[in-house]
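# Build me a model:
(chains A and B)
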Amino acid sequence: MCLKPYHQNQDHENRIQIGPLSMKKLQIAALVALVIAVVAFCTLDAGPLLHLKSRLLGILSPISRSGSAVKSGIGSLGRDLMTLDQLQVEYERVQAENHMLRAENNGLRDLQKDNEHLRSVLGYRERSAFLLVPATVLGHDAGAWWSTMKIGKGSRDGIAPDMPVITDKGLVGKTTAVSSDMSEVLLVTDENCKVAAKVEGTREQGISAGTRNGGGELQLTFLSKLADLQPGQKVYTAGVSGGIFPSGISLGTVKSFRARELDGEAVLEPVADTGSLEEVFVITGAK
Amino acid sequence: MRHTILFLLLLVLLPVSVAVQDLLPGIPPAQERLLLLPVIFAFGVLALPLVPALWFALLTAIVQGLSLLQIQSGQAEMGLTVPVVFFLGWAIVLQMASEATHGMRWELHALGSALVTLTLMAGEFLLLCARRGGFPLDGAVLLKLAVPSAAALLLAPLLYLLLRSLVPLSPSPAEPSTAPRQPGFGL
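All right, here's what the predicted structure looks like:
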């Protein structure tokens, strides 16, 4: 199965119509323009590049939205096709969960009253009172070495670069490039997403980041060599001054710890399963 | 006219391929991702004459470079220079291969797609190692290089047939060309 390049058939026709000299001139002009374009694009700084990326996100937005809608439609079709036995099991599970949540809710009302009372007494501001913008996950970046995803909210909804992205479970990442109706999120599992973190029940603080091979785990470095960390201990954002991430957002749990030459390093299991997210919240400010 | 239609079609397919590859699920066991952009790129540079192929390579490089762009401390971790050089280089190599094999072939497209995918990902990995330090070459990294390249090799013939059916006015693969061959990549 062999196909002659189009130009081998077409160039001959073009030469008859336009003339060989004109064709040569046109091609030389196109090559000169190409060289100018190459030089222009290769010398762009970070600012114009980020602006161009936002424009690209704007172009990709309608395609990603349509594709995401089709994908979720197909997914829900598969989920909806359950047998009667499966439906019965699902109904019983939901009913049991409902009873449990009602009981839990009653308990939480009392706790909320206590909490509000203590907060007013101590004069603390509600640390977790963020302004949240809900966003749908449109897709995960197919690149192998960067962990990013795209969400269906942008500058039109008040989102800007470097805003924290969370779920009800904990931290997901931060926004990087933003177009009018779509944003890119750098996930906590990326090597470049560095988060100041503290370990529950200790005075240990370190820097958390993902791994280059995208294994899904986090590495918490710059801990004390003598830190006594146990598997299962929770890790939260430390909220350093001038940083992006507020304090107290759940980040992950300790899987293992080892002392290195100069510091200690813990491997964390992130709380948010970044590979299967469907809805996230962007923190746009405090209430 | 045929070149223009083909070029415009490929131009539309560039962002579509980026959006679609982000939506596709991962390939088991390690959920590696399928890259469509190199497959579209290989088809474009094999099917177009040299100058439009170089322009198409530049546009592919811009789309790929921007989609991977990360700004760290006010500087681009990987700007557009590396993707531009990479895709322009491959455009010339694939044009030469097309000339050497007397026309575009599906086998050449499949091989080209796999090689472009493999070298693209290996190049990105080496660049990141040079920028960030360390060289964590392990089984996971090798899988990330091998699986998408093999997937591109298998997917390329299907996309070749699909794109050939989409491109209007294209001669039948079996139809021999009566036009005289032009030396030097059609320049």
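# so which helix or strand takes in A:P134?
Taking DSSP states H and E as the criterion, A:P134 maps to strand A:130-140.
# distance of the residue most central in space within chain B from A:D162?
For chain B, the residue sitting closest to the mean C-alpha position, by C-alpha atoms, centre = their mean, is B:P38 at 2.4 Å. Distance, B:P38 to A:D162, by C-beta to C-beta, to the nearest Å: 31 Å. In short, each C-beta sits where N, CA and C put it, glycine included.
# returning to that earlier point: isn't the residue nearest to the centre of chain B up against B:A152?
Yes: if you go by C-beta atoms under 8 Å, B:P38 and B:A152 touch, sitting 6.0 Å apart.
# Overlap of the contact sets of those two?
B:S113, B:V116, B:T117 (C-beta atoms under 8 Å, 6 or more residues apart in numbering or on different chains).
# What separation do you get for the last one and A:A144?
What that stands for is B:T117. 10 Å.
# now do the first one
When C-beta to C-beta is applied, the distance between B:S113 and A:A144 equals 16 Å.
# for chain A, what spans make up the strands?
A:2-3, A:130-140, A:148-151, A:164-166, A:171-178, A:183-187, A:195-199, A:205-209, A:218-223, A:234-237, A:250-259, A:264-270, A:279-286 (DSSP state E).
# who does the fifth one pair up with?
Spelled out, it's strand A:171-178. Counting by DSSP bridges, the strands paired with strand A:171-178 are strand A:164-166 (antiparallel), strand A:183-187 (antiparallel).
# What is the helix or strand harbouring B:L127 packed up against?
Assessed by DSSP H and E, B:L127 sits inside helix B:106-132. On a contact count with 3 or more C-beta pairs under 8 Å, 6 or more residues apart in numbering or on different chains; DSSP states H and E, helix B:106-132 meets helix B:37-47, helix B:81-100, helix B:139-166.
# Under the pLDDT cut-off, which ranges of the stretch 51-200 of chain A? List them.
Along the stretch 51-200 of chain A, the model assigns pLDDT under 70 to residues A:75-82, A:106-107, A:109-110, A:114, A:117-129.
# Give me every residue in it lying close to chain B.
Within the stretch 51-200 of chain A, the positions adjacent to chain B are A:52-53, A:56, A:59-60, A:63-64, A:67-68, A:71, A:138-146, A:150, A:176-177, A:186, A:191-192 by C-beta under 8 Å from any C-beta of the partner chain.
# What subset of the residues you listed is buried?
The neighbour count (16 or more other C-beta atoms under 10 Å in any protein chain shown) marks A:52-53, A:56, A:59-60, A:63-64, A:67-68, A:138-146, A:150, A:176-177, A:186, A:191-192 as buried among those.
# Got the phi and psi for the residue lying farthest from the centre of chain B?
Going by C-alpha atoms, centre = their mean, the residue of chain B most distant from its centre is B:S73, 30.4 Å out. B:S73 adopts backbone torsions of phi 50, psi 40, taken as degrees, to the nearest 10.
# neighbours around residue 101, how many?
In the absence of a named chain, chain A is used. Using other C-beta atoms under 10 Å in any protein chain shown, the number of residues around A:L101 comes to 11.
# That was the other one, I meant chain B.
13.
# go on, A:D181?
A:D181: 17 neighbours (other C-beta under 10 Å).
# what's the closest non-adjacent residue to B:A140?
A:N213 (4.1 Å; C-beta to C-beta, 6 or more residues apart in numbering or on different chains).
# Double-check that neighbour against B:L142; I have them as touching.
No: look at A:N213 against B:L142 with C-beta under 8 Å: they stay out of range, at 9.6 Å.
# Show me which of the two is the more surrounded one.
Using other C-beta under 10 Å, the more surrounded residue of A:N213 and B:L142 is A:N213, with 21 against 11.
# I'd like the distance from that one to B:P29, if you could.
Distance from A:N213 to B:P29, by C-beta to C-beta: 14 Å.
# Check A:L186 too.
Counting by C-beta to C-beta, the gap from A:L186 to B:P29 is 26 Å.
# Then A:L44?
Taken as C-beta to C-beta, the span from A:L44 to B:P29 is 39 Å.
# How many residues are close by the closest residue to A:Q230 other than its chain neighbours?
The spatial neighbour of A:Q230 that comes closest, neighbours along the chain excluded (C-beta to C-beta, 6+ apart), is A:V254 at 6.7 Å. Neighbourhood size, A:V254 [other C-beta under 10 Å]: 21.
# ok, now the one 5 residues further on?
If you count neighbours by other C-beta under 10 Å, A:A259 ends up with 13.
# Hmm, it is touching A:K225, no?
Yes: if you go by C-beta under 8 Å, A:A259 and A:K225 touch, sitting 4.5 Å apart.
# Would you pull up the residue in the stretch 151-287 of chain A closest to chain B?
A:N213 (4.1 Å; C-beta to the nearest C-beta).
# State the pLDDT value of that residue.
The pLDDT attached to A:N213 in the predicted structure is 74.
# Flag every buried residue along stretch B:146-162.
Buried-residue list, stretch B:146-162, by 16+ other C-beta under 10 Å: B:V147, B:P148, B:S149, B:A151, B:A152, B:L153, B:L155, B:A156, B:L159, B:Y160.
# Touching, the last one and B:G112? I think so.
Read it as B:Y160. No: B:Y160 lies out of contact with B:G112 (C-beta under 8 Å); the separation is 10.5 Å.
# so what sits against both of these two?
With C-beta under 8 Å, 6+ apart, B:Y160 and B:G112 have no common neighbours.
# what's the residue nearest to B:A140 in contact with, if anything?
With C-beta under 8 Å, 6+ apart, A:N213 has these contacts: B:P136, B:D138, B:A140, B:V141, B:K144.
# what about the nearest residue to B:L48 once chain neighbours are set aside, how many residues close to it?
Spatially, and ignoring its direct neighbours in sequence, B:L48 is nearest to B:F56 (6.0 Å; C-beta to C-beta, 6+ apart). Residues lying near B:F56 (other C-beta under 10 Å) number 24.
# Any idea how far apart the tips of stretch B:27-38 sit?
Using C-alpha to C-alpha, to the nearest Å, one end of stretch B:27-38 lies 17 Å from the other.
# A:H140 pairs with what?
Bridge pairing for A:H140 - DSSP bridges - gives A:M149.
# and it, what is it in contact with?
Here A:H140 is in contact with A:T148, A:M149, A:K150, A:G275, B:D22, B:R33 (C-beta under 8 Å, 6+ apart).
# Tell me the most packed of those residues, by neighbour count.
Neighbour max across these (other C-beta under 10 Å) = A:K150, 27 neighbours.
# lowest-confidence helix or strand of chain B?
Across the helices and strands of chain B, mean confidence by mean pLDDT, DSSP states H and E is lowest for strand B:104-105: a mean of 80.
# What's the separation between B:K144 and chain A?
Applying C-beta to the nearest C-beta, to the nearest Å, the value for B:K144 to chain A is 4 Å.
# Closest one of the shared contacts of B:P38 and B:A152 to A:F130?
When the shared contacts of B:P38 and B:A152 are compared for distance to A:F130 (C-beta to C-beta), B:T117 wins out at 41.1 Å.
# I appreciate the help and will end here.
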